[in-house]
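A.B. asks: Make a model of this:
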Amino acid sequence: MVIHRDQRRADVRDVLDEFEKWLLRERSAQKRTGAAYTARVAGFVEWLPAPVDQSLRRLTAATLTEWVNLEAARGWKASTLGKQLVMLRSFLQYCHRSARTSQDFSGVVPHAAAWRLSSIPEPVPAGTVEALFDTLDLRSSKGLRDRAILLLLTGLGLRACEIAGLRLDDVGWRTGSLRVRGKGDRIDELPLPDDVGQALKEYVLYGRGGRVQGEEVFWTGGRPYGAHRPRPLIFTGEQIDTLLAAAGRLIPEVRAASWQTLLGLLTATGMRISEARNLDHDDLTLDESGDGSDWARVTDTKFGKSRLVPLHATTMAAIRRYQRLRDRTFPVPKTTAVLVARRGTRIARSTAGNTFREIREMADLAGGSTGPAAKLHDFRPSFATNTLIGHIRAGGDVDQMMPVLSAFLGHVGPEATYWYLSNTPELAAALAERIQASGGR
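C.D. replies: You can find the predicted model right below:
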């Protein structure tokens, strides 16, 4: 039963009202979203003993676990329970930010188990397999490939991943057998039915042919979608200066200063735009001694990773100038964010995209005959490329630098950073300069 908002206890209503305001102000949530989150966490807040403020101050992981177990025992669908727990984590983050709890308990809340294929699969209706075979064009390499795959699925019951992992030397053409690599690195030797073997033979000879040189049996018919990212725009120093000058023409003054500081921060650190937008005052460690120990703490980002990002003295000087202007404009802060929008609230994701499009139009970097359109994400590969170019020109070792650069950018591993740097003429030119300077060695 959902209790009408006005019928709730006064202490509960006050906490929920503040939580909803925080969502609208700090997370740039829509009113409908804020109301939905508030309604979802109301059950937890009402379950706490009165007064709520005192219960939140004494909150423990055991208390949270008890409530989650009670909710799970009510028989909610996994998807419904999962949504409720997501919104509870958001509420606990609010409680920590507003000093209602002694620590951030959002990490204590477990995830609802939603196992894929947890029920018994339904059998394929009669005639479906035959209908699939009837659609194949056996005059094409794709048709020959798909027929072989369908026969492996229906004739041998192989998993999709097992079929994708088949190699040419797994097929015993003379012995009539098939070697299959299953779960847990288990290898099975299966008999190869005549019709499946014939289909594989025809695909390998006439479909796959000599078009590919790899060991895998099955290949795509063309280049896979999404496997080749468009080459990023690597900003030159002049382009960055142009973007900063264009940002300075925004109105009002605090909006211009916010965007100049934001673009400068992206240039100097390679942060994701979401990481820069979500920076709070407490995330900055500003050392007044000037010994270079200034840091930005980037938390709960992509892949759940957190890291410390060192800030150059010039970057910190720019942030301090911006903070003075921001604090004069908004003496009473409306947000804990470092960077604010024109009304003093945190910069929303949609606002960031629209504003940058405005900036790049003024900077004549909107694409067309002048080249690809500039994107906010281009600051990351630009930072990576320019950092590595400087390292190369200083005589540094590229392989040793890659793990460091990967950690700095918050990548899962160096392979993601290598993707940033692939097909980059600027980097190739720096390597050529170094080879030439070393006499070709």
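
A.B. asks: Could you export stretch 78-87 as PDB, CA atoms only?
C.D. replies: Extracted as PDB, the C-alpha positions of stretch 78-87 are listed here (Å, rounded to 0.1, in the frame of the first residue of the first chain):
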ATOM      1  CA  ALA A  78      14.300  -9.300  -9.500                       C
ATOM      2  CA  SER A  79      13.900  -6.400 -11.800                       C
ATOM      3  CA  THR A  80      11.500  -4.600  -9.300                       C
ATOM      4  CA  LEU A  81      13.800  -5.200  -6.400                       C
ATOM      5  CA  GLY A  82      16.800  -4.200  -8.400                       C
ATOM      6  CA  LYS A  83      15.200  -0.800  -9.200                       C
ATOM      7  CA  GLN A  84      14.400  -0.300  -5.500                       C
ATOM      8  CA  LEU A  85      17.900  -1.000  -4.400                       C
ATOM      9  CA  VAL A  86      19.300   1.400  -7.000                       C
ATOM     10  CA  MET A  87      17.200   4.200  -5.600                       C
END
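
A.B. asks: and residue 271, how far is that from residue 232?
C.D. replies: In this view, residue 271 and residue 232 are 16 Å apart by C-beta to C-beta, to the nearest Å. Backbone N, C-alpha and C define where each C-beta goes, glycine included.

A.B. asks: ugh, wrong one, residue 155
C.D. replies: Here the criterion is C-beta to C-beta. By it, residue 155 lies 46 Å from residue 232.

A.B. asks: Pick out whichever of the two has more residues nearby.
C.D. replies: Taking neighbours as other C-beta atoms under 10 Å, residue 155 and residue 232 compare with residue 232 leading, 23 against 13.

A.B. asks: how about the more buried one, secondary structure?
C.D. replies: In three-state terms, and counting by DSSP: H, G, I helix; E, B strand; the rest coil, residue 232 is coil.

A.B. asks: Nearest spatial neighbour of it, chain-adjacent residues omitted?
C.D. replies: The spatial neighbour of residue 232 that comes closest, neighbours along the chain excluded (C-beta to C-beta, 6 or more residues apart in numbering), is residue 381 at 4.1 Å.

A.B. asks: Return the set of buried residues in the helix or strand harbouring the one you found.
C.D. replies: Take DSSP states H and E as the rule and residue 381 turns out to sit in helix 379-393. Buried residues in helix 379-393, counting neighbours by 16 or more other C-beta atoms under 10 Å, are found at 379-389, 391-392.

A.B. asks: And stretch 336-354, by the same measure?
C.D. replies: Neighbour-count burial for stretch 336-354 [16+ other C-beta under 10 Å]: 336-342, 344-347, 351-352.

A.B. asks: in the stretch 201-350 of the chain, which spans are helices?
C.D. replies: For the stretch 201-350 of the chain, helices defined by DSSP state H, counting those that start in this stretch occupy the ranges 237-247, 253-269, 273-277, 313-329, 349-362.

A.B. asks: Which among those is found nearest to residue 190?
C.D. replies: helix 273-277 (48.1 Å; C-beta to C-beta).

A.B. asks: buried ones in the closest one?
C.D. replies: Taking 16+ other C-beta under 10 Å as the neighbour-count basis, helix 273-277 is seen to contain the buried residues 273, 275, 276, 277.

A.B. asks: residues touching the first one, list them.
C.D. replies: Put plainly, it is residue 273. With contacts taken as C-beta atoms under 8 Å, 6 or more residues apart in numbering, residue 273 has the following neighbours: 266, 352, 376, 377.

A.B. asks: out of those residues, which are buried?
C.D. replies: Among the contacts of residue 273, those scoring as buried are 266, 352, 376 (criterion: 16+ other C-beta under 10 Å).

A.B. asks: Which residue, other than its chain neighbours, is closest to the second one?
C.D. replies: Ranked by C-beta to C-beta, 6+ apart and with sequence neighbours excluded, the top spatial neighbour of residue 352 is residue 273, at 5.8 Å.

A.B. asks: now swap in the last one and tell me
C.D. replies: The shortest distance from residue 376 to any residue other than its chain neighbours is 4.7 Å, reached at residue 273 (C-beta to C-beta, 6+ apart).

A.B. asks: how much space between that neighbour and residue 346?
C.D. replies: Taking C-beta to C-beta as the criterion, residue 273 is separated from residue 346 by 13 Å.

A.B. asks: Residue 285 is in contact with residue 309, isn't it?
C.D. replies: No: in this structure, residue 285 sits apart from residue 309 without contact. The criterion is C-beta atoms under 8 Å, and the distance is 10.4 Å.

A.B. asks: more neighbours, the two?
C.D. replies: More neighbours surround residue 309 than the other of residue 285 and residue 309, with 21 against 14 (other C-beta under 10 Å).

A.B. asks: If the spatially closest residue to the more buried one that is not a sequence neighbour is in a bridge, with which residues?
C.D. replies: The spatial neighbour of residue 309 that comes closest, neighbours along the chain excluded (C-beta to C-beta, 6+ apart), is residue 296 at 4.6 Å. Applying DSSP bridges to residue 296 gives these bridge partners: residue 284, residue 309.

A.B. asks: neighbours around residue 296, how many?
C.D. replies: 23.

A.B. asks: who are the neighbours in contact with it?
C.D. replies: Applying C-beta under 8 Å, 6+ apart, we find residue 296 in contact with 269, 271, 279, 283, 284, 285, 308, 309, 311.

A.B. asks: Buried ones among those?
C.D. replies: Among those, those that count as buried by neighbour count (16+ other C-beta under 10 Å) are 269, 271, 279, 283, 284, 309, 311.

A.B. asks: On the three-state scheme, residue 138 is what?
C.D. replies: Residue 138 falls in the coil class when you classify it by three-state DSSP.

A.B. asks: Distance of it relative to residue 242?
C.D. replies: Taking C-beta to C-beta as the measure, residue 138 and residue 242 are separated by 58 Å.

A.B. asks: With residue 274 instead?
C.D. replies: For residue 274 relative to residue 242 (C-beta to C-beta), the value is 24 Å.

A.B. asks: now do residue 261
C.D. replies: 17 Å.

A.B. asks: since we're on residue 80, how many residues are nearby?
C.D. replies: Residues near residue 80, counting by other C-beta under 10 Å, number 14.

A.B. asks: ok, which stretches of the stretch 51-200 of the chain are strands?
C.D. replies: Secondary structure of the stretch 51-200 of the chain (DSSP state E, counting those that start in this stretch): strands at 171-172, 177-181, 187-191.

A.B. asks: For residue 202, which of those strands is the nearest?
C.D. replies: If you check each of the strands of the stretch 51-200 of the chain against residue 202 by C-beta to C-beta, strand 171-172 wins as the nearest, at 12.8 Å.

A.B. asks: tell me which strands and helices that closest one is in contact with?
C.D. replies: Contact analysis of strand 171-172 by 3 or more C-beta pairs under 8 Å, 6 or more residues apart in numbering; DSSP states H and E lists strand 177-181 as its packing neighbours.

A.B. asks: quick one: stretch 191-198 to chain centroid distance?
C.D. replies: From the chain centre to the centre of stretch 191-198 is a distance of 44 Å (C-alpha atoms, centre = their mean, to the nearest Å).
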